[in-house]
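**Q** Structure for this input, please:
(4 chains)
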There are 2 protein chains.
Amino acid sequence: MNLKQFAKELNLSISAVSKALRDSHEISEKTKQMVLDKARELNYQVNPFASSLRKQKSKTIAVVIPEIDNNFFALAIKGVEMIAQEKGYHVLIYLTHEDVQKEVSVTKILQNGRVDGVMISVSSQTTDISHLQGLKENGIPLVFFDRVTEKITAPKITTDDYNSGIKATEHLIENGCEKIAFLSVSENLSISNKRLAGYVDTLKRNKINYDDKLIIRCSQNIEENKKILKKLLEKKIKPDGIFASVESLALTTYEVCNELNIKIPDDIKIIGFSNLRTASLLSPSLSTITQPAYEIGREAASILFTLIEKSGYNGIPENTVIKSTLTERKSTRK
Amino acid sequence: MNLKQFAKELNLSISAVSKALRDSHEISEKTKQMVLDKARELNYQVNPFASSLRKQKSKTIAVVIPEIDNNFFALAIKGVEMIAQEKGYHVLIYLTHEDVQKEVSVTKILQNGRVDGVMISVSSQTTDISHLQGLKENGIPLVFFDRVTEKITAPKITTDDYNSGIKATEHLIENGCEKIAFLSVSENLSISNKRLAGYVDTLKRNKINYDDKLIIRCSQNIEENKKILKKLLEKKIKPDGIFASVESLALTTYEVCNELNIKIPDDIKIIGFSNLRTASLLSPSLSTITQPAYEIGREAASILFTLIEKSGYNGIPENTVIKSTLTERKSTRK
DNA sequence: CTGAAAGCGCTTACAG
DNA sequence: CTGAAAGCGCTTACAG
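**A** Now for the predicted structure:
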């Protein structure tokens, strides 16, 4: 069923029907009503490709994320989808699995106009950002969330990572830790930079020896990370505190401590960034910094839609920061 | 940059360039190479809407799910996305939040040809399935996964839910339970039907009184579910076993037991369907039936692509069943 | 092996 | 207020 057939049924021109469907002021109320009724009756729907081709608008956005089996990103997507549905947009999803190469190929594909805008949380490997620059130069509205890069001017939605890094580190120090290992998932550290900076600055301010070897670069692979952590925790003089900058690393630490029979919090204290509902049910319950993932998704989507729909409008802040919350539980108890 | 400009650059016709880009046998190798080189140089990409409009193919599928902040669905999407990326397809995502109305409106939208196929896990409210029938009648390939409906003939990918229902119930009985509550998220029970059937049949086979009041219909709302469970567990003669048919309900049970100071597994034993990585880290560790969510996603996507690309091929089984695994942990210990 | 032309189904500037 | 026509950027049947 296309407009031509539709128009014939009503003895109207194609253009009249098209305009009526889009509620044009050029069309009389009477005609509009007739068209709308008929559309319902025939279950007529505009062909999205013809419409997109003609209007050069897709009513679709892309969300590019490193992983999805992670409560933070799952919740962020929930927020994005909610706003998109309200606005009548469609959401394409692309996973990079923390692989820059995937990220590059996805962004290339997105340059062909398939989407009206892109939301991205960059992979932990990403250092060269020319592929993202390419998107921007092609005039595709771009918004970063959580994993952002300072190298591109675009709206960025994050939590207060520097401040959270400080709070988490102070919390460990207050509970007696003097040798705190920072677990990072990032290969180049430019991503979790701010959390790390908060950690480093807090150590210095508290006159605690700052030791490079306590900044542990983990990978995406759980088994590999276990090995790395085992090496760290089997040492005679092992850390007395762990600051896990992502959820998965806090869990790996728990798993390794169980295997090595290291007692949390007596032998070692742990705090981690996490959106786990089970944080309070763990043995022992896990002290967390929780990011409002759903709100971040909503905010990032809202900003992207503003960018798309009000091009030229420059009231959008480059940085939107939403606060995380630190929740003390047993894993850091003195 | 469009084909017209591209062709002019090379002094070729539009059709020659188009054919070369699609590797047509009508075009000489020399011309193809020239076109391909130029395409790279100009960073030319085919306009997806023009192409889709002409070919009546979108190279896009839709995944419709009730929720995403749930490890099962997050992992399933990961599997789907993996296969889609291999096949050069794009993945649109729609969340229904367990709301049939949302499901209906999403399926309506998907009837306009925007996607080449649909994968759906139906909402727990879904009883009337005419909207899904509508999709099928519109000739849109349809595949169900996990939450399926028997009322429509279409490929269905599930785990061995009936059998898992039996195994979980037997496990509780073996560990001394005689009064086992089945927690369901489904309003009409037609969804988790098979898990429930396994439970009921096992009770009967073991000559345990079958009590309707122990089949608890929960909602989507955590707070509401807490109230329901509190009522159940504050009774003098409360159940001695809980079979949570979805992950979230196992966690709610833990939370309520903590609040009411009910000891797991001494006062009550719990087993639940779950894809939680933290199951083994909980206090006490949670006995689970784990569905291979990632594999289900991959399998469902593969079947959908077969359906799309080989229309008329009828070698696709209506039911694909992938086994779940029961893992005993402390929450069901005698 | 190459090209001219029709047409996918819309939207919109323009004419009336 | 309504309609005829151009054109969005492709693909492909057809002719040469």
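**Q** now the strands for chain A?
**A** Ranges of strands in chain A, per DSSP state E, are A:60-65, A:90-95, A:117-120, A:142-145, A:156-159, A:180-184, A:215-217, A:241-244, A:269-273, A:287-290, A:319-322, A:325-327.
**Q** Kindly reformat those strands as a markdown table containing mean neighbour count and distance to residue B:100.
**A** C-beta here means a position set from N, CA and C on the backbone, and glycine is covered the same way. Converted to a markdown table, those look like this (neighbours: other CB atoms under 10 Å in any protein chain shown; distance: least, CB to CB, whole Å):
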| stretch | mean neighbour count | distance to residue B:100 |
| --- | --- | --- |
| strand A:60-65 | 24 | 25 |
| strand A:90-95 | 23 | 20 |
| strand A:117-120 | 26 | 29 |
| strand A:142-145 | 26 | 31 |
| strand A:156-159 | 24 | 32 |
| strand A:180-184 | 25 | 43 |
| strand A:215-217 | 17 | 47 |
| strand A:241-244 | 29 | 40 |
| strand A:269-273 | 27 | 36 |
| strand A:287-290 | 24 | 32 |
| strand A:319-322 | 15 | 33 |
| strand A:325-327 | 14 | 35 |
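**Q** now what about stretch A:280-288, what contacts it?
**A** If you take CB atoms under 8 Å, 6 or more residues apart in numbering or on different chains as the criterion, stretch A:280-288 is touched by A:171, A:250, A:254, A:264-265, A:269-274, A:276, A:279, A:326-333, B:251, B:254-255, B:258, B:278, B:281-285.
**Q** What pLDDT does the model give the closest residue to residue A:260 other than its chain neighbours?
**A** Spatially, and ignoring its direct neighbours in sequence, residue A:260 is nearest to residue A:233 (5.8 Å; CB to CB, 6 or more residues apart in numbering or on different chains). Here the pLDDT value assigned to residue A:233 is 95.
**Q** Would you map the helices across the stretch 151-300 of chain A?
**A** A:161-174, A:193-205, A:222-234, A:247-260, A:293-309 (DSSP state H, counting those that start in this stretch).
**Q** can you tell me which of the ones you listed comes nearest to residue A:155?
**A** Of all those, it is helix A:293-309 that lies closest to residue A:155, at 4.9 Å by CB to CB.
**Q** any idea of the pLDDT on whatever residue of the stretch 201-334 of chain A ends up closest to chain B?
**A** Nearest residue of the stretch 201-334 of chain A to chain B, counting by CB to the nearest CB: residue A:283, 3.4 Å away. Looking at residue A:283, its pLDDT stands at 96.
**Q** One more: residue A:188?
**A** In this model, residue A:188 carries a pLDDT of 61.
**Q** Now do the domain split for chain A, please.
**A** A:3-46, A:58-158+A:293-321, A:161-291+A:326-332 (automatic domain parsing).
**Q** measure residue A:23 to DNA strand C for me?
**A** 11 Å (CB to the nearest atom of the strand, to the nearest Å).
**Q** My guess is that residue contacts residue A:32. True?
**A** Yes: between residue A:23 and residue A:32 there is a contact under CB atoms under 8 Å: 6.8 Å.
**Q** Of those two, which one has the most company?
**A** Using other CB atoms under 10 Å in any protein chain shown as the criterion, residue A:23 and residue A:32 rank with residue A:32 on top: 17 against 10.
**Q** which ones are touching the more buried one?
**A** A:20, A:23.
**Q** now swap in residue A:52 and tell me
**A** A:58, A:59, B:49.
**Q** if I look at the second one, how far off is residue A:113?
**A** Okay, so that is residue A:59. Here residue A:59 is placed at a distance of 12 Å from residue A:113 (CB to CB, to the nearest Å).
**Q** okay, now the closest residue to DNA strand D within the stretch 51-200 of chain A: neighbour count?
**A** Here the stretch 51-200 of chain A gets closest to DNA strand D at one residue, residue A:54, 3.6 Å apart by CB to the nearest atom of the strand. Using other CB under 10 Å, residue A:54 is surrounded by 11 other residues.
**Q** now swap in residue A:8 and tell me
**A** With other CB under 10 Å as criterion, residue A:8 counts 12.
**Q** Give me the distance between it and chain B.
**A** 20 Å (CB to the nearest CB, to the nearest Å).
**Q** what separates that residue from DNA strand D, distance-wise?
**A** Taking CB to the nearest atom of the strand, one finds residue A:8 at 11 Å from DNA strand D.
**Q** returning to what we had before: let me have the helices of the stretch 151-300 of chain A in JSON lines, extended by mean neighbour count.
**A** Output for the helices of the stretch 151-300 of chain A, formatted as JSON lines (neighbours: other CB atoms under 10 Å in any protein chain shown):
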{"stretch": "helix A:161-174", "mean neighbour count": "21"}
{"stretch": "helix A:193-205", "mean neighbour count": "19"}
{"stretch": "helix A:222-234", "mean neighbour count": "16"}
{"stretch": "helix A:247-260", "mean neighbour count": "21"}
{"stretch": "helix A:293-309", "mean neighbour count": "22"}
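**Q** quick one: which of these is nearest residue A:27?
**A** helix A:293-309 (23.9 Å).
**Q** shaky segments in chain A?
**A** Filtered on pLDDT under 70, chain A yields the residue ranges A:187-192.
**Q** Show me which residues of it are close to DNA strand C?
**A** Selection of chain A residues close to DNA strand C by CB under 7 Å from any atom of the strand yields A:1-4, A:14-15, A:18-19, A:21-22, A:26, A:46-47, A:50-51, A:53-55.
**Q** For the buried ones among those, write the corresponding ChimeraX selection.
**A** In ChimeraX, this line selects whichever of the residues of chain A next to DNA strand C come out buried by 16 or more other CB atoms under 10 Å in any protein chain shown:
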select /A:3,18,19,21,47,50,51,53
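**Q** For chain B, tell me which of the residues of chain A next to DNA strand C show up nearby.
**A** A:46, A:47, A:50, A:53 (CB under 8 Å from any CB of the partner chain).
**Q** Out of these, the closest to chain B would be?
**A** residue A:53 (4.0 Å).
**Q** Would you point out which residue of the stretch 201-334 of chain A is nearest DNA strand D?
**A** For the stretch 201-334 of chain A, CB to the nearest atom of the strand, closest residue to DNA strand D: residue A:311, 17.6 Å.
**Q** can you pull the contacts of the residue nearest to residue A:260?
**A** With CB under 8 Å, 6+ apart, residue A:233 has these contacts: A:239, A:256, A:257, A:260, A:262, A:268.
**Q** Please apply the same query to residue A:208.
**A** A:173, A:178, A:180.
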